[in-house]
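1. how would this look folded up:
(2 chains)
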2 protein chains.
Amino acid sequence: MTQLTRADCLARDAADPLASLRERFELPPGVIYLDGNSLGARPKAALARAQQVVAQEWGVDLIKSWNTAGWFDMPKRLGDRLAPLIGARAGEVAVTDTTSLNLFKALAAALHLQAQGETAQRRVIVTERSNFPTDIYMAEGLANWLERGYTVRLVDSVDEIPAAVDGDCAVLMLTHVNYRTGYQHDMAALTRHAHAQGALVVWDLAHSAGAVPLDLHAAQADFAVGCTYKYLNGGPGAPAFIWVPQRHQARFNHPLSGWWGHARPFAMAPAFSPCEGIGRALCGTQPVVSLAMVECGLEIFEATSMDALRAKSLALTDLFIELVESRCAAHPLELVTPREHARRGSQVSFTHPHGYAVMAALIARGVIGDYREPHIMRFGFTPLYTSFADVWDAVEILNTILDQASYDIAAERSAVT
Amino acid sequence: MTQLTRADCLARDAADPLASLRERFELPPGVIYLDGNSLGARPKAALARAQQVVAQEWGVDLIKSWNTAGWFDMPKRLGDRLAPLIGARAGEVAVTDTTSLNLFKALAAALHLQAQGETAQRRVIVTERSNFPTDIYMAEGLANWLERGYTVRLVDSVDEIPAAVDGDCAVLMLTHVNYRTGYQHDMAALTRHAHAQGALVVWDLAHSAGAVPLDLHAAQADFAVGCTYKYLNGGPGAPAFIWVPQRHQARFNHPLSGWWGHARPFAMAPAFSPCEGIGRALCGTQPVVSLAMVECGLEIFEATSMDALRAKSLALTDLFIELVESRCAAHPLELVTPREHARRGSQVSFTHPHGYAVMAALIARGVIGDYREPHIMRFGFTPLYTSFADVWDAVEILNTILDQASYDIAAERSAVT
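-> Residues are numbered from 1 along each chain as shown, chains lettered A, B, ... in the order given. This is a model prediction of the structure:
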């Protein structure tokens, strides 16, 4: 049994240099929000920004806002603001479309690059069976339509990845932090291995950006995509991002060649001519109101650093693991998130035979996590707005639910499949 | 010289059964907004809806809003609400992604259908050189990546379309109302001709939906896409729509196979299995705040009918043509929009040797139209919020600018290329 008390947690909060950042978010009273890995909480600034875009920029300034309010430039301007969080440089990131679509572009571009050189005969995309499914679906979709016999090779464990990246592998496509387990890959080592085998690497940072320090250039990654509405707090379904390092930009080609990626979109030429730079990752007109919200999330990160956030994130997840394992030791909970810091994202997942019902009971009492098949209760820890006392209180409520068996097994299966 | 007076226009407004709909829009004072064909004006309801989504649904209800606020269902719910405006049925329309991307899906699906039967050897996509460029670019992108030798055949005039749809043509892809000239195709006749030649037809309704009556089923069209932020007033860059008639849905396949198109997205299965119905046109997570605005535009249409709107639209464009041609007869303006009602959309375009400079002068005096190369001044007439007096006043200002030559030729070329 741990010796920690709630008072210890309050003391940690009092000493937390990041504690004041919570004030930049609107969080409903009576809620401990541990689902920022699915939908980040709302920055307070987002409401005024939404009002400004809708009332003034759209309502009053109308069409001229494409220029005067910077609507046209927003994908690149937000990309530049996001870049430092992932180890990218200015001019390498665009905020646009969805993660699925950006993955399609990056994967298509990677296959296109590989089709040019000595690797032209490679026909395999390697990824994990446990990857977030849409990544696999998009790779399947691209592979099936390319008609040159591409296949998606699914590996069943991290250990199998190196061997799967063989002489047939054109691209290794991985999600850096697993959405279900919170496992964090060694980006630099896997990229180095893939390059040694002649493969390119596409990284999905959906559960990494804003959650763990990233240095895409140091890792020599080839392409990356990610999500703005999780740890970056950009708002529900906000446009995703894509990173194309400068060294690959001149040869970045993909089939989604819309007018926003054209060198001179308003020349209205009938032939496509891609622009220079990251702009060629753009396709069609972007949803301005949702896009504008992304900036409200990004600007909060400028008040701190990813290293400081990482230190608090690990302290929060360490604390959660310690408290659950000590206080709920009588119950059949199993940790599926790595204990090793270097292999852990900013979430903690435990299995429980009635995980769905237990999570429903937690949510009913204001502890918002979520559930993922099979049996996994998933808790995300956003150091920007989660306190150590939150962790204590969440575990206290979990323990009470488990001790009292106050969860509804009968209703368990209703919403899952 | 016309005998019409401003008083006549005011009398028409007084007798206009649609006049009160203007009250549902926020329009800035001192502005005559004739650019609703580019960015529709803001429905008053949109501000409160934005506040509700951001403050309550995102800020307070957080992750559960995917279900409780209907975020997940919004693409299909809005599609059902849009369907009557285009002659579609419930379950056939989704509001999602961008027009460019939806065109890519529809075109890919059409080529896929054609690849199955007696038409399997057809390799040509026919469209107009004057089509909105992104449509051509997306077709090029798809054709170049399919590797079976597809080409995009550009025709230079409407008269050439029938002959271009020959035995090599897999798909005819047209924008129903031309963005530059306002020319409206005969959808039923061209579809009938294409079908007789064994081709499928994809219609882009960007400048048609909410602007002219449409009956996709009567025309036996195959696929359609369109825009919500022009005549539908859905907000800047709001997600676009795609129509797949029920008869094609079971074989609707495209490479952008993301998790929102999966039969059971939360089963997290590693293999893609498309859902039944229009849902298979979906791909990734949608920008909720922008998507929600679309509904504020659509609900206004339920207070009237497309026939009533069309009658007023033609009255407005007839009046504009008559007034410009009579009052500005001394100036080198040339009408490029068809006089024939059946061939006209809801805009009027005139060329002027200094069209760019004249349009800049108009905008400076509060008459907001826009400019398109070459030399075209484009005026959109949205019968929901444009009055007959607006038309009079706009022409009066145009005439004054031309009579006084008060436009800046020197600055003309700066912003165009």
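2. C-alpha from now on. contacts and neighbour counts both.
-> Will do.
3. Next, the contact list for A:Glu128, please.
-> A:153-158, A:161, A:174 (Cα atoms under 8 Å, 6 or more residues apart in numbering or on different chains).
4. Select from those the one having the most neighbours.
-> A:Leu174 (25 neighbours; other Cα atoms under 10 Å in any protein chain shown).
5. What does it show for phi and psi?
-> When read as degrees, to the nearest 10, the backbone of A:Leu174 gives phi -130, psi 150.
6. Might one say that it is in contact with A:Ala206?
-> No. At 10.8 Å, A:Leu174 does not count as touching A:Ala206 under the criterion of Cα atoms under 8 Å.
7. is A:Thr127 in a bridge, and if so with what?
-> Counting by DSSP bridges, A:Thr127 forms beta bridges with A:Leu154.
8. A:Arg153 is in contact with that one, correct?
-> Yes. Using Cα under 8 Å, A:Thr127 is in contact with A:Arg153, at 6.3 Å.
9. For A:Tyr329, give its distance to A:Thr351.
-> You called it Tyr, but residue A:329 is Ala. 13 Å (Cα to Cα, to the nearest Å).
10. ugh, typo on my part, it should be A:Leu27
-> A:Leu27 is 27 Å from A:Thr351, where distance means Cα to Cα.
11. and the lengthiest helix in chain A, what does it pack onto?
-> Identified as the longest helix of chain A according to DSSP state H is helix A:306-327. Helices and strands touching helix A:306-327, as assessed by 3 or more Cα pairs under 8 Å, 6 or more residues apart in numbering or on different chains; DSSP states H and E, comprise strand A:347-351, helix A:388-404.
12. Neighbours of A:Ala330, how many?
-> Neighbours of A:Ala330 (other Cα under 10 Å): 11.
13. Which strand residues bridge the closest residue to A:Gly59 other than its chain neighbours?
-> Counting by Cα to Cα, 6 or more residues apart in numbering or on different chains, the nearest residue to A:Gly59 once its immediate chain neighbours are dropped is B:Arg42, at 5.1 Å. In this entry, B:Arg42 is beta-bridged to B:Glu26, by DSSP bridges.
14. Figure out the helix or strand that A:Glu299 lives in.
-> Assigned by DSSP states H and E, A:Glu299 belongs to helix A:288-301.
15. From the structure, what's the count of residues near the closest residue to A:Asn233 other than its chain neighbours?
-> Nearest residue to A:Asn233, sequence neighbours excluded (Cα to Cα, 6+ apart): A:Gly40, at 4.3 Å. Here the count is done by other Cα under 10 Å, and A:Gly40 has 28 residues near it.
16. tell me the contacts of A:Gly40?
-> Per Cα under 8 Å, 6+ apart, neighbours of A:Gly40: A:229-235.
17. Please identify which of the residues you listed is nearest to chain B.
-> A:Gly235 (7.2 Å; Cα to the nearest Cα).
18. That closest one is in contact with A:Leu39, isn't it?
-> Yes. Using Cα under 8 Å, A:Gly235 makes contact with A:Leu39 at a distance of 7.3 Å.
19. what about the residue nearest to A:Pro287 when sequence neighbours are not counted, which SS state?
-> Nearest residue to A:Pro287, sequence neighbours excluded (Cα to Cα, 6+ apart): B:Gly237, at 4.1 Å. Here B:Gly237 is coil, with the state taken from DSSP: H, G, I helix; E, B strand; the rest coil.
20. that older thread, pull up the per-residue confidence for the residue nearest to A:Asn233.
-> Listed pLDDT for A:Gly40 reads 98.
21. and the closest residue to A:Ile63 other than its chain neighbours, how many residues sit next to it?
-> Nearest residue to A:Ile63, sequence neighbours excluded (Cα to Cα, 6+ apart): B:Leu39, at 5.9 Å. Here the number of neighbours of B:Leu39 (other Cα under 10 Å) works out to 25.
22. And for A:Gln220?
-> 16.
23. That one in helix, strand or coil?
-> coil.
24. Assess the claim that it and A:Ala189 are in contact.
-> No. In this structure, A:Gln220 is not within contact of A:Ala189 by Cα under 8 Å, at 10.0 Å.
25. which outside residues touch the helix or strand of chain A with the lowest mean pLDDT?
-> In chain A, no helix or strand scores lower on mean pLDDT, DSSP states H and E than strand A:370-372, which sits at a mean of 93. Applying Cα under 8 Å, 6+ apart, the contact partners of strand A:370-372 are A:35, A:180, A:355-356, A:359, A:377-379.
26. Give me the subset of those that lies in strands.
-> Per DSSP state E, strands hold the following members of the contacts of strand A:370-372: A:377-379.
27. would you turn those into TSV with neighbour count and pLDDT?
-> Converted to TSV, those look like this (neighbours: other Cα atoms under 10 Å in any protein chain shown; pLDDT from 0 to 100):
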residue	neighbour count	pLDDT
A:Met377	27	98
A:Arg378	27	97
A:Phe379	28	98
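28. out of those residues, who's nearest A:Ile86?
-> A:Phe379 (22.8 Å; Cα to Cα).
29. For the closest one, give its distance to chain B.
-> 13 Å (Cα to the nearest Cα, to the nearest Å).
30. Also A:Gly226?
-> Taking Cα to the nearest Cα, one finds A:Gly226 at 12 Å from chain B.
31. how many neighbours does that residue have?
-> 25.
32. and it, what does it touch?
-> A:99, A:204-207, A:209, A:240-242.
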